[in-house]
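1. Requesting a structural model of the entry that follows:
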Amino acid sequence: MRKRRSKREIKYLRERIYFIIQEDAPMTCRQVFYRMVSEGLIDKTENEYTNTCCRLLVKMRRNEELPYGWIADNTRWMMKPASYSNLENMLVHTADCYRKSLWNDLNVNVEIWLEKDALSGVLYQETEAWDVPLMVTRGYPSLSFLYEAGEHLENSGKPAHIYYFGDYDPSGVDIPRVVEKRLIEFAPNTDINFEILAVKGEDQIKELNLITRPTKTADTRAKYFIGESVEVDAIPSKILREMAKTVISNHVPAEHLEKILETEKLERETLLQIAPYIS
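-> Now for the predicted structure:
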């Protein structure tokens, strides 16, 4: 059992946590844990994750040592329709939020799929910027979710490129197999190109020097899985976002992006010019 840390050691941990997250925010608690382990700050145990990493993150946020927005948590959310004080307010808000569709005139659909909801806040920074759907499966996705996703692809009439992020463990390697199989089933006339970006396997684990964990033998698929497991959370946020950005941008010609941004700017200005005349 690890001996109790001194006040000086705790102070040092807090300082390192701050700088780790500052350079890569937002991060999930699990990502912070893996970074602390990789720096040799804490042991790779669930006890250290819960009682050291998570506990310090709570204390630091409550003590205003760490901005709340630096820790991503998209597992809890609220549903509410948009409402406005008047029409002018609505138009000003619409102008601020207005986005010109980047993909209408491109002959391709691009989607990012993610196993873990907790990481959606990390990847959404990139998918939102590129107007790309972020599809979160939360483990094995429901049949209804896959049917609706496949129906959307089929109705678009365009080839699709699906890029997947998930864990490397017995269930983690099976989930993308199921997703690809069902999408092909529900969109039989669509050319679907499915690619796992992370965690891909031993080569990527070694290349990125990712921290492993013992494979859970309770998983019924464990007997077909060789080696230790790796959570997608072990990959730093910057690398995850860069992976997404690279594959998405490959489908968007630079001149098309420039034209869309210019048109979007002009149309946003038009909305703002109209707003004062609406009563």
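
2. Please export the C-alpha coordinates of the lengthiest helix in the chain as PDB.
-> Identified as the longest helix of the chain according to DSSP state H is helix 254-274. Extracted C-alpha coordinates of helix 254-274, given in PDB (Å, rounded to 0.1, in the frame of the first residue of the first chain):
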ATOM      1  CA  ALA A 254      -9.000  24.300 -49.900                       C
ATOM      2  CA  GLU A 255     -10.800  26.500 -52.500                       C
ATOM      3  CA  HIS A 256     -14.200  25.000 -51.500                       C
ATOM      4  CA  LEU A 257     -13.600  25.800 -47.900                       C
ATOM      5  CA  GLU A 258     -12.500  29.300 -48.700                       C
ATOM      6  CA  LYS A 259     -15.600  30.000 -50.800                       C
ATOM      7  CA  ILE A 260     -17.900  28.600 -48.100                       C
ATOM      8  CA  LEU A 261     -16.400  30.800 -45.300                       C
ATOM      9  CA  GLU A 262     -16.600  33.900 -47.500                       C
ATOM     10  CA  THR A 263     -20.300  33.300 -48.400                       C
ATOM     11  CA  GLU A 264     -21.100  32.500 -44.700                       C
ATOM     12  CA  LYS A 265     -19.500  35.800 -43.600                       C
ATOM     13  CA  LEU A 266     -21.600  37.800 -46.200                       C
ATOM     14  CA  GLU A 267     -24.900  36.000 -45.300                       C
ATOM     15  CA  ARG A 268     -24.200  36.600 -41.600                       C
ATOM     16  CA  GLU A 269     -23.800  40.300 -42.300                       C
ATOM     17  CA  THR A 270     -27.000  40.300 -44.200                       C
ATOM     18  CA  LEU A 271     -28.900  38.900 -41.200                       C
ATOM     19  CA  LEU A 272     -27.400  41.600 -39.000                       C
ATOM     20  CA  GLN A 273     -28.500  44.300 -41.400                       C
ATOM     21  CA  ILE A 274     -32.100  43.100 -41.500                       C
END
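
3. which parts of it are buried?
-> The neighbour-count check on helix 254-274 (16 or more other C-beta atoms under 10 Å) flags 260, 268, 271 as buried. Glycine gets a C-beta too; all of them are placed from N, C-alpha and C.

4. now do stretch 44-53
-> So, applying 16+ other C-beta under 10 Å, buried residues of stretch 44-53: 48-49, 52-53.

5. Now, those that are in helices?
-> Using DSSP H, the buried residues of stretch 44-53 in helices are E48.

6. related to what we said a few turns ago, show me which of the buried residues of helix 254-274 is closest to P67.
-> R268 (29.0 Å; C-beta to C-beta).

7. From what I see, that closest one and A95 are in contact.
-> Yes - contact criterion C-beta atoms under 8 Å: R268 and A95 qualify, at 4.9 Å.

8. Now list whatever residues contact both of those two.
-> Residues touching both R268 and A95 (C-beta atoms under 8 Å, 6 or more residues apart in numbering): there are none.

9. domains for this structure, by residue range?
-> For the chain, the structural domains run 7-70, 107-251, going by automatic domain parsing.

10. end-to-end on the first one?
-> Same thing as domain 7-70. This stretch, domain 7-70, spans 24 Å end to end (C-alpha to C-alpha, to the nearest Å).

11. go on, stretch 134-153?
-> Per C-alpha to C-alpha, the first residue of stretch 134-153 is 14 Å away from its last.

12. what ranges of this protein fall below the confidence cut-off?
-> 1-2, 74-77, 279 (pLDDT under 70).

13. what helix or strand is Y164 on?
-> Element membership of Y164, judged by DSSP states H and E, is strand 160-165.

14. One more: R241?
-> R241 belongs to helix 237-249, assigned by DSSP H and E.

15. Tell me what angle that helix forms with helix 254-274.
-> Here helix 237-249 runs at an angle of 100 degrees relative to helix 254-274 (axes from the mean of the first three to the mean of the last three C-alpha atoms, to 10 degrees).

16. can you list contacts of helix 237-249?
-> So helix 237-249 is contacted by 23-27, 31, 110, 112, 119, 122-123, 125-127, 130, 132, 161, 163, 165, 195, 197-198, 208, 232 (C-beta under 8 Å, 6+ apart).
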